[in-house]
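>>> Just need the structure, nothing else, for what follows:
(4 chains)
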Protein chains: 2
Amino acid sequence: MKEASPPRRKTGRPLSFDRDAALEKAMLTFWESGYETTSISDLTTVMGVTAPSIYAAFGDKKRLFLEAMRRYAGDPDDLEKAFALAPTARDAVADMLEKAARLFTGDATPRGCLLASAAATGSKDAADVREAAAQERRVIRGIIVRRIERDIQAGLLPPETTPHVLADLALAVTQGMSVLARDGADRNVLLAVARMSMASWPGSPVESNTF
Amino acid sequence: MKEASPPRRKTGRPLSFDRDAALEKAMLTFWESGYETTSISDLTTVMGVTAPSIYAAFGDKKRLFLEAMRRYAGDPDDLEKAFALAPTARDAVADMLEKAARLFTGDATPRGCLLASAAATGSKDAADVREAAAQERRVIRGIIVRRIERDIQAGLLPPETTPHVLADLALAVTQGMSVLARDGADRNVLLAVARMSMASWPGSPVESNTF
DNA sequence: CCTGTTTCATATCGAACGCTATGAAACATC
DNA sequence: GATGTTTCATAGCGTTCGATATGAAACAGG
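Numbers count the residues shown, from 1 in each chain, chains lettered A, B, ... in the order given. This is a model prediction of the structure:
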């Protein structure tokens, strides 16, 4: 069983394209144009690979998208670690929002969030794709909630803090920033929105709170 | 020129379907399934009208969607009036967010926001449809900004208040709540998120601000 | 009733969709 | 160099897409 991990090809004609690079191109196209509204023809163009080769390498359009989406979202363990290493839950979320604001307005990538826009709606046939995107969000939400609970336990946040609401707010602001980015809002706008939304956290210095 | 307003038909076979009811059905379908991912075939089914009749009554798919979107968004003047009549900008926005939270989780309508999800992405061919949705958001944003500026002038909000940021945050939370709603979040979750997001406004009673 | 006008149901149109059958081409192994 | 395996490029599968041509049907006015 020790040779199971590397599925090495020993025989046959070698692949003529970089699978990873092709997946990256597909991911960017889904990001820009959405799942159902990106055609196989679009993908063959940007990936530089013919349709039969795409199907041989990735299965079908649905599996290609799911793989592209996982590539976009990254490893949840990395986010979990980043949240664990942050000084506080608040720092972790603030950092997440700032990174999202920058990602959604990057010059080298489509605007907005792939998770938010690529499968926002669609036919019944694509319901499982939307569910997969929802699941990605649930994972992120869980990471945020647990980190907040940890800070409550540690006395860094007041006991009456509601982890779910703060996590859902962070998620809503993130996905909402995606819409703003796609509408053309520039990076500073998103950064300001992200920062402003953190003022909802308990213990925030609301400058004019005494007004 | 006084007979120009009612484009009354005097002759010809009368329409065999209720144009307004058919438009309502189309709106609900676009709301549920999106612009490009709703087919004419889907529309003929839910509207109970054959394709040629749809084209005769609404033009083409794009114009039908735009008309459905305007029906969904409502008259901007109504929102403007509601904002003008509200005691404060804060009350107006809080009310808008609460109404959105309820609308996005209504039992008789699809979940989420038509503006947020029906044209989140798509082909280049539908770029003008996305732009039309963006324009609707810009109008709402303008109404919010002006109402906030009025409160600043009146001394109800501190001079250092940034109207754009608060308006963009309200917009982001609204569109973000749409994603949460489509993911299955129930109404109380959205209401809590809406309320929590208002804590970013200056002068908010952050209960644990002194913690 | 006849004429003019508009909408009706039926039957498609060409194009694009996701996907695949087919046989030649490019490798490792023997 | 012959064989086995895998990928290659070409061509096209059946279906669905948005949109329409066509002629009968249903009304108003004369």
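
>>> In contact with the spatially most central residue of chain A: list those residues for me.
With distances taken as C-alpha atoms, centre = their mean, A:Ala73 lies nearest the centre of chain A, 4.0 Å away. By C-beta atoms under 8 Å, 6 or more residues apart in numbering or on different chains, the contact set of A:Ala73 is A:Leu115, A:Glu136. The C-beta positions use only the backbone N, C-alpha and C, and glycine is treated the same way.

>>> From B:Met177, how far out is it?
Look at A:Ala73 and B:Met177: by C-beta to C-beta, to the nearest Å, they are 21 Å apart.

>>> list the helices and strands the lengthiest helix in chain A packs on?
If you go by DSSP state H, chain A has its longest helix at helix A:127-153. Contacts defined by 3 or more C-beta pairs under 8 Å, 6 or more residues apart in numbering or on different chains; DSSP states H and E place helix A:127-153 against helix A:61-73, helix A:76-85, helix A:89-104, helix A:114-117, helix A:163-182, helix B:163-182.

>>> and the fifth one, what's its mean pLDDT?
Read it as helix A:163-182. For helix A:163-182, mean pLDDT is 98.

>>> again, but for the fourth one
If you average the pLDDT over helix A:114-117, you get 98.

>>> and for it, what are the contacting residues?
Residues from elsewhere that reach helix A:114-117 (C-beta under 8 Å, 6+ apart): A:27, A:30-31, A:34, A:68-69, A:72-73, A:133, A:136-137, A:174-175, A:178-179, A:182, B:120-121, B:179.

>>> how about a cut-off of 6 Å?
A:Trp31, A:Tyr72, A:Ala133, A:Glu136, A:Gln175, A:Ser178, B:Ala120, B:Thr121 (C-beta atoms under 6 Å, 6 or more residues apart in numbering or on different chains).

>>> What is the neighbour count of the nearest residue to the last one once chain neighbours are set aside?
In other words, B:Thr121. Nearest residue to B:Thr121 in three dimensions, chain neighbours excluded: A:Gly34, at 3.2 Å (C-beta to C-beta, 6 or more residues apart in numbering or on different chains). For A:Gly34, the count of nearby residues is 27 (other C-beta atoms under 10 Å in any protein chain shown).

>>> Quick check: A:Gly34 touching B:Ser123?
No: counting by C-beta atoms under 6 Å, A:Gly34 stays clear of B:Ser123, with 8.4 Å between them.

>>> Below-threshold pLDDT in chain A: ranges please.
A:1-9, A:205-211 (pLDDT under 70).

>>> picking that back up, among the contacts of helix A:114-117, which one sits closest to DNA strand C?
DNA strand C has its nearest neighbour among the contacts of helix A:114-117 in B:Thr121, at 13.3 Å by C-beta to the nearest atom of the strand.

>>> can you pull the contacts of that closest one?
Contacts of B:Thr121 by C-beta under 6 Å, 6+ apart are A:Ser33, A:Gly34, A:Ser117.
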